[in-house]
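Show me the folded form of this:
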Amino acid sequence: MTGNLLGPDPTLLPARPEPQGVLDGGTDPAEVAARWPDFSAAWAALAENALAAGENVAAYAYARTGYHRGLDQLRRSGWKGFGPIPWSHAPNQGFLRALAALARAAKAIDDTEEYERCSQFLTDSDPTAPH
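All right, here's what the predicted structure looks like:
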């Protein structure tokens with residue numbers, strides 16, 4: 001027998017060196033998201049900035065966009081809707097940050113059901129991921 005007997009193998013998103021480098025270089029996340037609209041890390045940064053500014057509805061919208069774009073990429077990478085998405089794999093962090101920001105934004109606007117769903121999804125993906 002081969003494979004992981006405890007469940008599915010972890011999903012590892014492909015590296016995105018160009019948009020990550022531009023974002024890491026200090027370019028405004030809005031510019032990065034406009035140039036690479038499928039890059040979850042840019043949307044996560046926008047959501048985190050909006051949360052820090054108390055702009056909870058904007059944060060929710062940014063985070064939801066990053067979350068959905070990340071789901072698309074996870075599915076293309078073989079994810080079947082469950083299984084580990086490790087934080088330790090840097091390309092996964094944009095999606096996981098968007099998911100965490102979505103949970104925080106949902107809590108801030110009193111969307112308890114979405115907060116609980118996203119928090120559980122984040123824990124199920126990788127319990128070590130920042131919440």
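
Now do the helices in this structure.
17-24, 29-35, 40-52, 56-76, 93-108, 112-125 (DSSP state H).

Could you export those as JSON lines, including mean pLDDT and mean neighbour count?
(Glycine included, C-beta is placed from N, CA and C.) Listed next are the helices of the chain as JSON lines, based on pLDDT from 0 to 100; neighbours: other Cβ atoms under 10 Å:
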{"stretch": "helix 17-24", "mean pLDDT": "98", "mean neighbour count": "15"}
{"stretch": "helix 29-35", "mean pLDDT": "98", "mean neighbour count": "17"}
{"stretch": "helix 40-52", "mean pLDDT": "98", "mean neighbour count": "24"}
{"stretch": "helix 56-76", "mean pLDDT": "98", "mean neighbour count": "20"}
{"stretch": "helix 93-108", "mean pLDDT": "98", "mean neighbour count": "24"}
{"stretch": "helix 112-125", "mean pLDDT": "98", "mean neighbour count": "16"}
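
and of these, who's closest to residue 82?
Proximity to residue 82 (Cβ to Cβ) singles out helix 112-125 among the helices of the chain, at 7.5 Å.

Go ahead and measure how far that closest one is from the middle of the chain.
How far helix 112-125 lies from its chain's middle: 12 Å, per Cα atoms, centre = their mean, to the nearest Å.

Remind me what it packs against, helices and strands.
With contacts taken as 3 or more Cβ pairs under 8 Å, 6 or more residues apart in numbering; DSSP states H and E, helix 112-125 sits against helix 93-108.

So which residue is smack in the middle of this structure?
Taking Cα atoms, centre = their mean, the centroid of the chain lies closest to residue 95, which sits 1.9 Å from it.

That residue against residue 40, yeah?
Yes - between residue 95 and residue 40 a contact is recorded at 4.7 Å, counting by Cβ atoms under 8 Å.

Spell out which residues are contacts of both of the two.
Shared contacts of residue 95 and residue 40 (Cβ atoms under 8 Å, 6 or more residues apart in numbering): 66-67, 70, 73.

How confident was the prediction at residue 2?
Looking at residue 2, its pLDDT reads 46.

Can you name the residues that contact the closest residue to residue 46 other than its chain neighbours?
Of all residues not flanking residue 46 in the chain, residue 62 sits nearest, at 4.0 Å (Cβ to Cβ, 6 or more residues apart in numbering). Contact analysis of residue 62 by Cβ under 8 Å, 6+ apart lists 43-44, 46-47, 50, 101.
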